[in-house]
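Engineer: everything below, folded, please.
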Amino acid sequence: MELNPLTRLSDNEQMFVQEVEKFAAATVKPKVHEMDESEVMAKPIIDGLFEMGLMGIEVPEEFGGAGGTFFMSILAIEALAKVDPSVSVLCDVQNTLVNNIFLRWGTTEQKKKYLSRLTSKDVGSYCLTEPNSGSDAFAMKARAYDEGSHWRLEGKKIFITNAKEANIFVVFANVNPDAGYKGITAFVCERGMPGFSVGKKEVKLGIRASSTCEVLLDNVKVPKENVVGEVGKGYKISIETLNEGRIGIAAQMLGLAQGAHAGAMTYARQRQQFGKELRDFQGVQFDLAEMATQIEAAKLMVYNAARLKDAGMPFVKEAAMAKLYAGNVAEEVASRALEIYGGYGFIKEFPAEKFYRDAKIGKLYEGTSNMQKATIFKLIDGQMK
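Structural biologist: So this is what the prediction gives:
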(Lines give C-alpha, C1' and ligand atoms only; values in the text may rest on other atoms or scores of the structure.)
Protein backbone atom coordinates (compact mmCIF):
# COMPACT_ATOMS: atom_id res chain seq x y z
CA MET A 1 0.00 0.00 0.00
CA GLU A 2 1.36 3.40 -0.98
CA LEU A 3 1.05 5.74 1.98
CA ASN A 4 2.55 8.85 0.37
CA PRO A 5 1.41 11.21 -0.81
CA LEU A 6 -1.52 10.68 1.52
CA THR A 7 -4.13 12.30 -0.69
CA ARG A 8 -3.32 10.30 -3.81
CA LEU A 9 -6.20 8.00 -4.65
CA SER A 10 -6.03 4.83 -6.70
CA ASP A 11 -8.10 4.60 -9.88
CA ASN A 12 -10.68 2.49 -8.04
CA GLU A 13 -10.86 4.98 -5.18
CA GLN A 14 -11.28 7.89 -7.59
CA MET A 15 -14.10 6.10 -9.42
CA PHE A 16 -15.73 5.26 -6.10
CA VAL A 17 -15.65 8.89 -4.93
CA GLN A 18 -17.07 10.07 -8.25
CA GLU A 19 -20.01 7.68 -7.92
CA VAL A 20 -20.73 8.81 -4.35
CA GLU A 21 -20.55 12.45 -5.43
CA LYS A 22 -22.97 11.79 -8.29
CA PHE A 23 -25.40 10.16 -5.86
CA ALA A 24 -25.05 13.06 -3.42
CA ALA A 25 -25.67 15.63 -6.14
CA ALA A 26 -28.61 13.85 -7.78
CA THR A 27 -30.39 12.27 -4.83
CA VAL A 28 -29.32 14.03 -1.63
CA LYS A 29 -28.90 17.68 -2.61
CA PRO A 30 -32.51 18.25 -3.79
CA LYS A 31 -33.82 17.11 -0.39
CA VAL A 32 -31.34 18.79 1.97
CA HIS A 33 -33.49 21.80 2.87
CA GLU A 34 -36.71 19.77 3.16
CA MET A 35 -35.08 17.20 5.43
CA ASP A 36 -33.52 19.88 7.62
CA GLU A 37 -36.88 21.60 8.06
CA SER A 38 -38.87 18.41 8.67
CA GLU A 39 -36.10 16.74 10.72
CA VAL A 40 -36.73 13.52 8.82
CA MET A 41 -34.32 11.45 6.73
CA ALA A 42 -36.00 10.82 3.38
CA LYS A 43 -36.53 7.12 2.72
CA PRO A 44 -35.38 7.33 -0.92
CA ILE A 45 -32.00 8.49 0.36
CA ILE A 46 -31.71 5.58 2.79
CA ASP A 47 -32.77 3.20 0.02
CA GLY A 48 -30.20 4.79 -2.28
CA LEU A 49 -27.42 4.32 0.25
CA PHE A 50 -28.19 0.61 0.36
CA GLU A 51 -28.48 0.34 -3.42
CA MET A 52 -25.11 2.06 -3.83
CA GLY A 53 -23.49 -0.38 -1.41
CA LEU A 54 -22.63 2.47 0.96
CA MET A 55 -24.10 0.79 4.05
CA GLY A 56 -21.65 -2.10 3.97
CA ILE A 57 -18.47 -0.78 2.42
CA GLU A 58 -15.98 -2.90 4.41
CA VAL A 59 -18.24 -5.94 4.72
CA PRO A 60 -17.01 -8.94 2.69
CA GLU A 61 -19.02 -9.87 -0.38
CA GLU A 62 -20.01 -13.20 1.20
CA PHE A 63 -22.17 -11.24 3.65
CA GLY A 64 -23.57 -8.91 0.98
CA GLY A 65 -21.06 -6.09 1.39
CA ALA A 66 -18.86 -4.25 -1.07
CA GLY A 67 -15.62 -5.82 0.18
CA GLY A 68 -13.91 -2.43 0.34
CA THR A 69 -11.51 -0.82 2.78
CA PHE A 70 -11.89 1.39 5.82
CA PHE A 71 -10.36 4.20 3.77
CA MET A 72 -13.15 3.85 1.22
CA SER A 73 -15.68 4.27 4.05
CA ILE A 74 -13.91 7.48 4.99
CA LEU A 75 -14.01 8.71 1.39
CA ALA A 76 -17.76 8.06 1.23
CA ILE A 77 -18.42 9.84 4.54
CA GLU A 78 -16.39 12.84 3.34
CA ALA A 79 -18.13 13.00 -0.05
CA LEU A 80 -21.64 12.83 1.45
CA ALA A 81 -20.84 15.50 4.05
CA LYS A 82 -19.96 18.00 1.32
CA VAL A 83 -23.68 17.99 0.51
CA ASP A 84 -25.37 16.98 3.79
CA PRO A 85 -23.59 16.03 7.03
CA SER A 86 -26.83 14.42 8.27
CA VAL A 87 -26.74 11.79 5.53
CA SER A 88 -23.01 11.43 6.07
CA VAL A 89 -23.32 10.50 9.75
CA LEU A 90 -26.01 7.90 9.03
CA CYS A 91 -23.56 6.20 6.67
CA ASP A 92 -20.71 6.76 9.13
CA VAL A 93 -22.33 5.07 12.14
CA GLN A 94 -23.43 2.13 10.01
CA ASN A 95 -19.92 1.50 8.69
CA THR A 96 -17.42 2.54 11.35
CA LEU A 97 -19.37 1.46 14.43
CA VAL A 98 -22.15 -1.07 13.86
CA ASN A 99 -20.76 -3.11 10.95
CA ASN A 100 -17.31 -2.85 12.48
CA ILE A 101 -18.49 -4.50 15.70
CA PHE A 102 -19.89 -7.51 13.86
CA LEU A 103 -16.85 -7.77 11.60
CA ARG A 104 -14.38 -7.76 14.49
CA TRP A 105 -16.25 -9.48 17.31
CA GLY A 106 -19.27 -11.21 15.83
CA THR A 107 -19.54 -14.97 15.60
CA THR A 108 -19.93 -16.57 12.19
CA GLU A 109 -23.64 -17.00 12.89
CA GLN A 110 -24.02 -13.34 13.93
CA LYS A 111 -22.23 -12.18 10.80
CA LYS A 112 -24.48 -14.28 8.58
CA LYS A 113 -27.61 -13.15 10.37
CA TYR A 114 -26.96 -9.46 10.84
CA LEU A 115 -24.43 -8.29 8.26
CA SER A 116 -26.58 -9.57 5.42
CA ARG A 117 -29.38 -7.33 6.73
CA LEU A 118 -27.14 -4.36 7.53
CA THR A 119 -25.79 -4.34 3.99
CA SER A 120 -29.14 -4.70 2.25
CA LYS A 121 -32.01 -3.10 4.15
CA ASP A 122 -31.59 -2.53 7.89
CA VAL A 123 -30.07 0.55 9.49
CA GLY A 124 -27.99 -0.12 12.60
CA SER A 125 -27.56 1.88 15.78
CA TYR A 126 -24.88 2.02 18.49
CA CYS A 127 -26.27 2.47 22.01
CA LEU A 128 -23.69 3.58 24.58
CA THR A 129 -24.53 7.02 26.03
CA GLU A 130 -26.80 7.45 29.07
CA PRO A 131 -28.12 10.46 31.02
CA ASN A 132 -25.19 10.29 33.48
CA SER A 133 -22.74 8.51 31.22
CA GLY A 134 -21.31 10.63 28.42
CA SER A 135 -17.58 11.27 28.33
CA ASP A 136 -17.45 8.96 31.37
CA ALA A 137 -18.93 6.18 29.27
CA PHE A 138 -18.20 3.47 31.81
CA ALA A 139 -20.45 5.05 34.45
CA MET A 140 -23.41 3.45 32.70
CA LYS A 141 -26.40 2.26 34.73
CA ALA A 142 -28.03 -0.02 32.15
CA ARG A 143 -28.09 -3.53 33.59
CA ALA A 144 -28.11 -7.00 32.10
CA TYR A 145 -29.27 -9.92 34.26
CA ASP A 146 -28.44 -13.54 33.47
CA GLU A 147 -31.68 -15.48 33.74
CA GLY A 148 -30.43 -18.81 32.51
CA SER A 149 -32.06 -19.16 29.12
CA HIS A 150 -31.66 -15.47 28.23
CA TRP A 151 -30.38 -12.07 29.36
CA ARG A 152 -32.78 -9.43 30.69
CA LEU A 153 -31.89 -5.80 29.95
CA GLU A 154 -33.06 -2.74 31.87
CA GLY A 155 -32.07 0.87 31.43
CA LYS A 156 -32.17 3.94 29.25
CA LYS A 157 -29.89 5.21 26.50
CA ILE A 158 -29.89 8.77 25.14
CA PHE A 159 -28.50 10.66 22.13
CA ILE A 160 -28.60 7.50 20.01
CA THR A 161 -27.88 8.23 16.35
CA ASN A 162 -29.99 6.46 13.70
CA ALA A 163 -32.39 5.17 16.38
CA LYS A 164 -35.55 6.25 14.54
CA GLU A 165 -34.57 4.43 11.35
CA ALA A 166 -32.72 1.47 12.85
CA ASN A 167 -33.89 -2.12 13.22
CA ILE A 168 -30.66 -3.52 14.66
CA PHE A 169 -29.15 -2.06 17.84
CA VAL A 170 -25.86 -2.85 19.56
CA VAL A 171 -26.59 -2.09 23.22
CA PHE A 172 -24.02 -1.87 26.02
CA ALA A 173 -25.08 -2.88 29.53
CA ASN A 174 -23.32 -3.96 32.71
CA VAL A 175 -23.72 -7.55 33.91
CA ASN A 176 -21.82 -6.91 37.15
CA PRO A 177 -21.57 -3.31 38.41
CA ASP A 178 -19.30 -4.45 41.24
CA ALA A 179 -16.70 -5.27 38.59
CA GLY A 180 -16.90 -1.73 37.18
CA TYR A 181 -16.11 -1.43 33.50
CA LYS A 182 -15.17 -5.13 33.44
CA GLY A 183 -18.87 -5.98 33.66
CA ILE A 184 -19.83 -4.07 30.52
CA THR A 185 -21.11 -6.33 27.75
CA ALA A 186 -22.40 -5.78 24.21
CA PHE A 187 -25.79 -7.19 23.19
CA VAL A 188 -27.71 -7.22 19.93
CA CYS A 189 -31.29 -6.01 20.26
CA GLU A 190 -33.86 -5.72 17.51
CA ARG A 191 -36.78 -3.41 17.03
CA GLY A 192 -39.90 -5.32 17.99
CA MET A 193 -38.42 -7.20 20.93
CA PRO A 194 -40.89 -7.00 23.86
CA GLY A 195 -39.85 -4.18 26.20
CA PHE A 196 -37.54 -2.56 23.64
CA SER A 197 -38.65 0.84 22.38
CA VAL A 198 -37.34 4.03 20.82
CA GLY A 199 -38.34 7.06 22.85
CA LYS A 200 -38.21 10.81 22.41
CA LYS A 201 -36.51 12.18 19.31
CA GLU A 202 -34.37 15.19 20.14
CA VAL A 203 -34.80 18.54 18.39
CA LYS A 204 -31.30 19.68 17.54
CA LEU A 205 -29.33 22.73 16.44
CA GLY A 206 -27.77 20.94 13.48
CA ILE A 207 -27.70 17.65 11.53
CA ARG A 208 -31.45 17.78 12.07
CA ALA A 209 -32.34 15.06 9.54
CA SER A 210 -30.15 12.63 11.47
CA SER A 211 -32.30 11.08 14.18
CA THR A 212 -31.08 11.30 17.77
CA CYS A 213 -33.37 9.46 20.19
CA GLU A 214 -33.78 7.74 23.52
CA VAL A 215 -33.66 3.96 23.58
CA LEU A 216 -35.66 2.38 26.41
CA LEU A 217 -34.98 -1.08 27.83
CA ASP A 218 -37.87 -2.37 29.91
CA ASN A 219 -37.12 -5.99 30.85
CA VAL A 220 -35.98 -6.84 27.34
CA LYS A 221 -35.30 -10.57 26.90
CA VAL A 222 -32.20 -11.04 24.78
CA PRO A 223 -31.15 -14.51 23.59
CA LYS A 224 -27.84 -15.78 24.92
CA GLU A 225 -26.48 -15.99 21.36
CA ASN A 226 -26.95 -12.21 21.03
CA VAL A 227 -23.94 -11.39 23.19
CA VAL A 228 -21.25 -9.86 20.96
CA GLY A 229 -17.74 -10.87 21.93
CA GLU A 230 -17.20 -12.08 25.48
CA VAL A 231 -19.29 -11.28 28.52
CA GLY A 232 -17.54 -8.48 30.39
CA LYS A 233 -15.46 -7.38 27.38
CA GLY A 234 -17.87 -4.75 26.09
CA TYR A 235 -15.57 -1.99 27.28
CA LYS A 236 -12.91 -3.18 24.86
CA ILE A 237 -15.42 -3.26 22.00
CA SER A 238 -16.67 0.25 22.77
CA ILE A 239 -13.20 1.76 23.08
CA GLU A 240 -11.81 0.20 19.94
CA THR A 241 -14.83 0.95 17.76
CA LEU A 242 -14.87 4.58 18.90
CA ASN A 243 -11.17 4.86 18.06
CA GLU A 244 -12.11 4.09 14.46
CA GLY A 245 -15.33 6.09 14.67
CA ARG A 246 -13.33 9.22 15.45
CA ILE A 247 -11.82 9.05 11.98
CA GLY A 248 -15.31 8.83 10.53
CA ILE A 249 -16.45 11.95 12.36
CA ALA A 250 -13.24 13.71 11.29
CA ALA A 251 -14.08 12.80 7.68
CA GLN A 252 -17.60 14.17 8.15
CA MET A 253 -16.19 17.47 9.40
CA LEU A 254 -13.66 17.53 6.56
CA GLY A 255 -16.42 17.11 4.00
CA LEU A 256 -18.56 19.73 5.72
CA ALA A 257 -15.69 22.25 5.56
CA GLN A 258 -15.20 21.52 1.87
CA GLY A 259 -18.91 21.98 1.18
CA ALA A 260 -18.98 25.31 3.02
CA HIS A 261 -15.82 26.50 1.27
CA ALA A 262 -17.07 25.49 -2.19
CA GLY A 263 -20.29 27.40 -1.62
CA ALA A 264 -18.38 30.52 -0.54
CA MET A 265 -16.11 30.25 -3.59
CA THR A 266 -19.12 30.07 -5.91
CA TYR A 267 -20.85 32.97 -4.17
CA ALA A 268 -17.69 35.09 -4.36
CA ARG A 269 -17.81 34.74 -8.15
CA GLN A 270 -21.50 35.61 -8.38
CA ARG A 271 -21.84 38.50 -5.95
CA GLN A 272 -20.75 41.98 -7.01
CA GLN A 273 -20.06 45.02 -4.87
CA PHE A 274 -18.51 48.35 -5.89
CA GLY A 275 -18.47 47.12 -9.48
CA LYS A 276 -16.32 44.06 -8.77
CA GLU A 277 -16.86 40.41 -7.93
CA LEU A 278 -16.23 39.57 -4.28
CA ARG A 279 -13.35 37.33 -5.30
CA ASP A 280 -11.52 40.38 -6.62
CA PHE A 281 -11.20 41.84 -3.12
CA GLN A 282 -7.95 40.86 -1.44
CA GLY A 283 -9.57 40.38 1.94
CA VAL A 284 -11.95 37.80 0.50
CA GLN A 285 -9.12 36.13 -1.39
CA PHE A 286 -7.07 35.81 1.79
CA ASP A 287 -10.00 34.34 3.71
CA LEU A 288 -10.70 31.74 1.04
CA ALA A 289 -7.02 30.90 0.71
CA GLU A 290 -6.57 30.39 4.45
CA MET A 291 -9.71 28.26 4.62
CA ALA A 292 -8.41 26.09 1.76
CA THR A 293 -5.11 25.64 3.58
CA GLN A 294 -6.85 24.54 6.76
CA ILE A 295 -8.97 22.08 4.78
CA GLU A 296 -5.91 20.59 3.11
CA ALA A 297 -4.19 20.15 6.48
CA ALA A 298 -7.30 18.45 7.89
CA LYS A 299 -7.47 16.15 4.87
CA LEU A 300 -3.88 15.06 5.38
CA MET A 301 -4.59 14.23 9.02
CA VAL A 302 -7.81 12.34 8.28
CA TYR A 303 -6.34 10.37 5.40
CA ASN A 304 -3.22 9.61 7.39
CA ALA A 305 -5.23 8.13 10.27
CA ALA A 306 -7.37 6.06 7.87
CA ARG A 307 -4.36 4.80 5.92
CA LEU A 308 -2.61 3.80 9.15
CA LYS A 309 -5.69 1.89 10.28
CA ASP A 310 -5.90 -0.01 6.98
CA ALA A 311 -2.17 -0.76 7.13
CA GLY A 312 -2.58 -2.36 10.57
CA MET A 313 -0.39 0.28 12.20
CA PRO A 314 -1.04 2.21 15.44
CA PHE A 315 -3.52 5.01 14.72
CA VAL A 316 -5.24 6.02 17.98
CA LYS A 317 -3.22 9.21 18.49
CA GLU A 318 -3.61 10.19 14.84
CA ALA A 319 -7.35 9.49 14.97
CA ALA A 320 -7.78 11.73 18.02
CA MET A 321 -5.70 14.47 16.40
CA ALA A 322 -7.67 14.23 13.17
CA LYS A 323 -11.02 14.52 14.94
CA LEU A 324 -9.82 17.39 17.13
CA TYR A 325 -8.37 19.35 14.23
CA ALA A 326 -11.09 18.60 11.68
CA GLY A 327 -13.74 19.66 14.19
CA ASN A 328 -11.97 22.97 14.71
CA VAL A 329 -11.53 23.50 10.98
CA ALA A 330 -15.17 22.72 10.19
CA GLU A 331 -16.45 25.23 12.70
CA GLU A 332 -14.06 27.98 11.61
CA VAL A 333 -14.46 27.42 7.89
CA ALA A 334 -18.26 27.28 8.15
CA SER A 335 -18.26 30.52 10.13
CA ARG A 336 -15.95 32.39 7.76
CA ALA A 337 -17.80 31.04 4.72
CA LEU A 338 -21.07 32.37 6.15
CA GLU A 339 -19.51 35.81 6.55
CA ILE A 340 -18.52 35.90 2.87
CA TYR A 341 -22.21 35.60 2.01
CA GLY A 342 -22.91 38.63 4.19
CA GLY A 343 -26.56 38.91 5.18
CA TYR A 344 -27.49 36.14 2.76
CA GLY A 345 -25.42 33.74 4.84
CA PHE A 346 -27.84 34.22 7.71
CA ILE A 347 -30.92 33.05 5.84
CA LYS A 348 -32.00 29.54 4.96
CA GLU A 349 -32.21 30.14 1.21
CA PHE A 350 -28.43 29.71 1.09
CA PRO A 351 -26.48 26.69 2.39
CA ALA A 352 -24.02 28.57 4.61
CA GLU A 353 -26.17 28.76 7.74
CA LYS A 354 -26.86 25.01 7.70
CA PHE A 355 -23.20 24.10 7.40
CA TYR A 356 -22.54 26.48 10.31
CA ARG A 357 -25.20 24.79 12.49
CA ASP A 358 -24.07 21.32 11.50
CA ALA A 359 -20.42 22.01 12.31
CA LYS A 360 -20.82 22.33 16.08
CA ILE A 361 -21.57 18.65 16.66
CA GLY A 362 -18.08 17.71 15.47
CA LYS A 363 -16.66 18.93 18.77
CA LEU A 364 -19.19 16.97 20.83
CA TYR A 365 -20.08 13.48 19.67
CA GLU A 366 -17.95 10.33 19.63
CA GLY A 367 -15.66 12.02 22.12
CA THR A 368 -15.58 15.74 22.87
CA SER A 369 -12.62 17.86 21.81
CA ASN A 370 -11.32 17.88 25.38
CA MET A 371 -11.47 14.08 25.50
CA GLN A 372 -9.42 13.99 22.30
CA LYS A 373 -6.86 16.29 23.91
CA ALA A 374 -6.71 14.02 26.94
CA THR A 375 -6.10 11.00 24.71
CA ILE A 376 -3.43 12.81 22.70
CA PHE A 377 -1.59 13.97 25.81
CA LYS A 378 -1.66 10.52 27.37
CA LEU A 379 -0.13 9.00 24.25
CA ILE A 380 2.54 11.64 23.66
CA ASP A 381 3.40 11.65 27.36
CA GLY A 382 3.83 7.88 27.21
CA GLN A 383 6.25 8.26 24.30
CA MET A 384 8.50 10.43 26.50
CA LYS A 385 8.94 7.74 29.19
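
Engineer: alpha carbons only for contacts and neighbour counts from here, please
Structural biologist: Will do.

Engineer: buried residues, stretch 204-213. List them.
Structural biologist: 206-213 (16 or more other Cα atoms under 10 Å).

Engineer: and what of stretch 179-192?
Structural biologist: Buried, per 16+ other Cα under 10 Å, within stretch 179-192: 181-190.

Engineer: between those residues, which is nearest residue 165?
Structural biologist: residue 190 (11.9 Å; Cα to Cα).

Engineer: so the closest one sits against residue 165, correct?
Structural biologist: No. Contact between residue 190 and residue 165 fails when scored by Cα atoms under 8 Å: they sit 11.9 Å apart.

Engineer: mind giving me the packing neighbours of the host helix or strand of residue 48?
Structural biologist: Per DSSP states H and E: residue 48 is located in helix 43-51. Applying 3 or more Cα pairs under 8 Å, 6 or more residues apart in numbering; DSSP states H and E, we find helix 43-51 packed against no helix or strand.

Engineer: next structured bit after that helix?
Structural biologist: That would be, after helix 43-51 and using DSSP H and E, helix 70-81.

Engineer: which neighbouring elements make contact with that next one?
Structural biologist: helix 11-23, helix 85-92, helix 234-270, helix 282-310.

Engineer: coming back round to it: with secondary structure added, can I get the buried residues of stretch 179-192 in JSON lines?
Structural biologist: Compiled in JSON lines, the buried residues of stretch 179-192 are given as follows (DSSP: H, G, I helix; E, B strand; the rest coil):
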{"residue": "181", "secondary structure": "helix"}
{"residue": "182", "secondary structure": "helix"}
{"residue": "183", "secondary structure": "helix"}
{"residue": "184", "secondary structure": "strand"}
{"residue": "185", "secondary structure": "strand"}
{"residue": "186", "secondary structure": "strand"}
{"residue": "187", "secondary structure": "strand"}
{"residue": "188", "secondary structure": "strand"}
{"residue": "189", "secondary structure": "strand"}
{"residue": "190", "secondary structure": "strand"}
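
Engineer: list the contacts for residue 197?
Structural biologist: 191, 215-217 (Cα atoms under 8 Å, 6 or more residues apart in numbering).

Engineer: what secondary structure does it sit in?
Structural biologist: Assignment for residue 197 (three-state DSSP): strand.

Engineer: show me what it is bridged to.
Structural biologist: Legend: beta-bridge partners of residue 197 under DSSP bridges are residue 216.

Engineer: and the helices in the stretch 101-250 of the chain, which stretches?
Structural biologist: 108-110, 116-118, 234-270 (DSSP state H, counting those that start in this stretch).

Engineer: quick one, which of the ones you listed is packed in tightest?
Structural biologist: Comparing the helices of the stretch 101-250 of the chain by mean neighbour count (mean count of other Cα atoms under 10 Å), helix 234-270 ranks first with a mean of 24.

Engineer: helices or strands next to that one in the packing?
Structural biologist: helix 70-81, helix 85-92, helix 100-105, strand 184-190, strand 276-277, helix 282-310, helix 316-340, helix 352-359.

Engineer: mind checking these for the one nearest to residue 136?
Structural biologist: It is, among the helices and strands packed on helix 234-270 and with distance given as Cα to Cα, strand 184-190, at 13.3 Å.

Engineer: show me where pLDDT drops low in the chain?
Structural biologist: Along the chain, the model assigns pLDDT under 70 to residues 1-5.

Engineer: how is it partitioned into domains?
Structural biologist: Annotated domains of the chain cover 11-123, 125-233, 236-383 [automatic domain parsing].

Engineer: which among the contacts of residue 197 end up buried?
Structural biologist: 215-217.

Engineer: residue with max distance from the center of this structure?
Structural biologist: Centroid-distance maximum for the chain: residue 275 at 43.5 Å, with Cα atoms, centre = their mean.

Engineer: distance of it from residue 345?
Structural biologist: 21 Å (Cα to Cα, to the nearest Å).

Engineer: ok, residue 271 next?
Structural biologist: If you go by Cα to Cα, the gap between residue 271 and residue 345 works out to 12 Å.

Engineer: closest to residue 331 out of the contacts of residue 197?
Structural biologist: Using Cα to Cα, residue 215 comes nearest to residue 331 of the contacts of residue 197, at 29.4 Å.

Engineer: go ahead and confirm that closest one touches residue 161.
Structural biologist: No. In terms of Cα under 8 Å, residue 215 does not count as a neighbour of residue 161; the distance is 10.2 Å.

Engineer: what residues are bridge-paired with residue 155?
Structural biologist: Beta-bridge partners, per DSSP bridges, of residue 155: residue 217.

Engineer: nothing else from me, thank you.
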